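Trainee: Test case, fold it:
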Amino acid sequence: ARVLNGDLTTPYQGELNGPTFNSFGWGPRREYMTGLLHFDSVDFRGEYPIAELTFHDETFPGNVMMRAFNPLIPLNDRDSSIPAAFFEHHITNSTDQPLTYTLAGVLSNPLPANNVNQVSRESWGQILHLTSNDVAPVAPQDSVN
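Mentor: Below is the predicted model:
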């Protein structure tokens, strides 16, 4: 098993303006999952709106690539401004043995407390909708001033 990330880059001391006991001098934040088994290196290729990450590790029995993108419809700012990200993972077996791969995702709701997380299943995939009861909905605007 591996976390889909590469080695942590410097500095390793922590963030300068973080909260108490989680800032400079306390090391990397635990959210970075630096202590878990991960890939040796990652190649990044970005051509807006698509990012491709290729993960490398000689001891991992497979080739892993992740593609992330957001909706982009040329000349259509309204439909291209959806606050969403889409992820595709491609894993190929690089051995002569049959293998089964399992992917698990972790996503936190960045909104204030009283979070509401809903999963919808459609014929084409699944949707994870993160909201909060403490945030009032914003009405769509017809024009931007």
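
Trainee: residue ranges for the strands of the chain, please.
Mentor: 41-47, 50-56, 63-69, 86-92, 115-122, 125-132 (DSSP state E).

Trainee: Give me the angle between the first one and strand 63-69.
Mentor: Computed by axes from the mean of the first three to the mean of the last three CA atoms, to 10 degrees, the angle separating strand 41-47 from strand 63-69 equals 30 degrees.

Trainee: same deal with the fourth one?
Mentor: With the same axes, to 10 degrees applied, the angle from strand 86-92 to strand 63-69 works out at 170 degrees.

Trainee: Please name every helix or strand in contact with strand 86-92.
Mentor: strand 63-69 (3 or more CB pairs under 8 Å, 6 or more residues apart in numbering; DSSP states H and E). Where C-beta positions appear, they are placed from N, C-alpha and C, glycine not excepted.

Trainee: Would you mind listing the buried residues in the strand it packs on?
Mentor: 64, 66, 69 (16 or more other CB atoms under 10 Å).

Trainee: and that strand, what does it pack onto?
Mentor: Right, strand 63-69 is packed against strand 50-56, strand 86-92 by 3+ CB pairs under 8 Å, 6+ apart.

Trainee: Pick the most buried one from those.
Mentor: strand 50-56 (a mean of 17; mean count of other CB atoms under 10 Å).

Trainee: Now stretch 55-73: average pLDDT?
Mentor: Stretch 55-73 carries an average pLDDT of 93.

Trainee: Using CSV, write down the CA coordinates of it.
Mentor: Provided in CSV are the C-alpha atoms of stretch 55-73 (Å, rounded to 0.1, in the frame of the first residue of the first chain):
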residue,chain,number,x,y,z
PHE,A,55,4.2,8.4,-9.6
HIS,A,56,7.5,6.5,-9.6
ASP,A,57,8.7,3.8,-7.2
GLU,A,58,10.9,0.8,-8.3
THR,A,59,9.4,-1.3,-5.5
PHE,A,60,5.8,-0.7,-6.4
PRO,A,61,4.3,-3.4,-8.7
GLY,A,62,2.6,-1.1,-11.1
ASN,A,63,2.5,2.2,-13.0
VAL,A,64,0.3,5.0,-11.5
MET,A,65,-0.9,8.2,-13.1
MET,A,66,-3.5,10.6,-11.8
ARG,A,67,-5.2,13.2,-14.0
ALA,A,68,-7.0,16.1,-12.3
PHE,A,69,-9.0,18.8,-14.0
ASN,A,70,-11.8,21.3,-13.6
PRO,A,71,-14.6,22.1,-16.0
LEU,A,72,-13.5,24.5,-18.8
ILE,A,73,-15.8,25.4,-21.6
